[in-house]
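Enquirer: Here is a sequence together with a model predicted from it:
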Amino acid sequence: MTVLRPGQIYKEIVLGDGREAILRAANWGDFDGLLGFISELVDERAEILRPTKPSRGEEAEWLGRRLAAIEESSLAALVAEIDGQIVGSSEVEQRTPQFPEMSHVGVLGIAILKIARGVGLGTALIESLLHLAREMGLKVIILDMFATNTIARGLYEKVGFKEVGKIPKAISRDGKYIDLIRFAIEI
């Protein structure tokens with residue numbers, strides 16, 4: 001059973017600043033929009049684990065894997081679109097088949113462009129993903145974040161995630177080491 005088919009609209013929301021956003025599953029037609037999205041995150045030096053812009057080939061490979069995982073029901077992924085532009089991308093992926101004894105665990109990832117932060121989009125995306133994760137039969141969701149990302153920490157704690165661990169100096173960026181923080185939530 002596929003939780004969301006590629007391109008399927010999940011919900012439409014009104015953000016805190018009055019703009020309307022569409023939350024939906026990505027599809028092949030989003031290729032250029034997603035490539036522009038990740039490139040903009042890299043340009044703004046967002047706290048993500050991708051320091052360089054992907055090539056078109058790398059992005060096509062990544063999107064192909066994501067869409068295949070959606071079809072296999074091991075991934076629920078949503079993009080957020082405002083006025084036709086992708087401003088957010090998020091997903092929760094089941095930890096199988098590599099780890100069958102952890103098939104009840106999902107890994108969450110989320111990124112939002114600066115122009116769409118602080119208006120409730122992150123909350124809407126995470127709450128939507130947690131709902132989809134329940135439909136997938138997941139029981140525990142984990143995520144990792146840069147220790148320096150205090151805005152993300154506030155969002156994760158707001159929706160119920162708890163810090164469960166830290167890997168000191170796990171990230172090296174611009175000659176500095178940053179701790180990696182792991183959060184988890186039971187759903």
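Expert: Looks like it arrived, so ask away. Keep in mind that this is a model prediction, so the values were computed, not measured.

Enquirer: ok so A76 is a strand residue?
Expert: Yes - with DSSP: H, G, I helix; E, B strand; the rest coil as the criterion, A76 is located in a strand.

Enquirer: Surely it and L130 touch.
Expert: No - between A76 and L130 there is no contact under Cβ atoms under 8 Å: 9.7 Å. (Glycine included, C-beta is placed from N, CA and C.)

Enquirer: just checking, S39 is part of a strand?
Expert: No - under three-state DSSP, S39 sits outside any strand and is assigned helix.

Enquirer: so what secondary structure elements neighbour the helix or strand bottoming out on mean pLDDT in the chain?
Expert: Every helix and strand of the chain was ranked by mean pLDDT, DSSP states H and E. The lowest is helix 56-71, at a mean of 91. Using 3 or more Cβ pairs under 8 Å, 6 or more residues apart in numbering; DSSP states H and E as the contact criterion, the elements in contact with helix 56-71 are helix 31-43, strand 75-82.

Enquirer: could I get these as CSV with mean neighbour count, mean pLDDT and distance to D144?
Expert: Output for the helices and strands packed on helix 56-71, formatted as CSV (neighbours: other Cβ atoms under 10 Å; pLDDT from 0 to 100; distance: least, Cβ to Cβ, whole Å):
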stretch, mean neighbour count, mean pLDDT, distance to D144
helix 31-43, 17, 95, 16
strand 75-82, 24, 95, 17
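
Enquirer: of the ones you listed, which approaches V14 most closely?
Expert: With respect to V14, and counting by Cβ to Cβ, the nearest of the helices and strands packed on helix 56-71 is strand 75-82 at 10.9 Å.
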